[in-house]
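K.L.:
Make a model of this:
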Amino acid sequence: MRRWVIGVLLAVLASGSVAQEPSLSGGSIVTLDQDRLFSESQFGRSVLARIEAEEAALAAENRKLEAAFEAEERTLTDLRTRLSAPEFRKLADEFDLRVEDVRRAQDARFRALTRRRDEDRTKFFDSALPVLGQLMAEKGAVAIIDRSVIVLGFGRLDITDDAIARLDVELGDGLQEAAPDQPDPAPEPVAPPGAVPAPATP
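P.N.:
Okay, the predicted model is just below:
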């Protein structure tokens, strides 16, 4: 069915009834690539760069924490033969609890980053709406629809490039809007490798 529809549209466009691309005056509909509007604008690039940097820092911190826990676990394993069963179980339980607490905290920080990225994207489009409305009026259009829903259309109906250029002038990189947001605090530092106390020597 979709192939038939496209075929009919192509036949109509090739016929004498549509000889050239329509102008953008007279109440036309224009299209917009929302993903490109965000990812290629100064504001969107700033948001993505900041989130990517924070994600990379969080990933590096996670690797450091994992290495510290692995070293501490090896130390705890070495002590197993030198401790009584109750002593070892107490240390092992404390270690497991500490690992779970840190991992939950790190997972929460990652979810917060994802949430902040979504919030910044929403903030971007909220800020972009007046600018897009002005651009739509200048084009003489009555509506803007996302380009992803278009099966076939003229390239000149797309206003993404014009919108990006206008938003870069009006909004810049959006840093002033994003300034109040503060990163989530890091979890309490874990004990360094070897923190498991050794038994007292007789």
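
K.L.:
Following the chain onward from the helix or strand harbouring A59, which element is next?
P.N.:
Using DSSP states H and E, A59 sits within helix 42-79. Per DSSP H and E, the first helix or strand lying C-terminal to helix 42-79 is helix 85-139.

K.L.:
so what secondary structure elements neighbour that following helix?
P.N.:
strand 28-32, helix 34-40, helix 42-79, strand 141-146, helix 160-170, helix 175-178 (3 or more C-beta pairs under 8 Å, 6 or more residues apart in numbering; DSSP states H and E). Every residue, glycine included, has its C-beta placed from N, CA and C.

K.L.:
Buried deepest among those, which one?
P.N.:
Of all these, strand 28-32 has the most neighbours on average by mean count of other C-beta atoms under 10 Å, namely a mean of 20.

K.L.:
Could you tell me the angle between that one and helix 160-170?
P.N.:
Inter-element angle recorded for strand 28-32 and helix 160-170: 70 degrees (by axes from the mean of the first three to the mean of the last three C-alpha atoms, to 10 degrees).

K.L.:
Just the residues contacting strand 28-32, thanks.
P.N.:
Under the criterion C-beta atoms under 8 Å, 6 or more residues apart in numbering, residues 22, 24, 132, 136, 139-147, 150, 153, 157-160, 163 lie in contact with strand 28-32.

K.L.:
thinking again about what came up before, which stretch among the helices and strands packed on helix 85-139 approaches A108 most closely?
P.N.:
helix 42-79 (10.9 Å; C-beta to C-beta).

K.L.:
Tell me if I'm right that I164 and F43 touch.
P.N.:
No. Counting by C-beta atoms under 8 Å, I164 does not reach F43; the two are 9.7 Å apart.

K.L.:
Low-confidence stretches in the chain?
P.N.:
Across the chain, residues meeting the criterion (pLDDT under 70) sit at 1-27, 149-155, 175-202.

K.L.:
give me that answer again for 80
P.N.:
Low-confidence segments of the chain, defined by pLDDT under 80: 1-27, 148-156, 174-202.

K.L.:
okay, now L83: neighbour count?
P.N.:
18 (other C-beta atoms under 10 Å).

K.L.:
quick one: it and R89 touch, right?
P.N.:
No. Look at L83 against R89 with C-beta under 8 Å: they stay out of range, at 9.0 Å.
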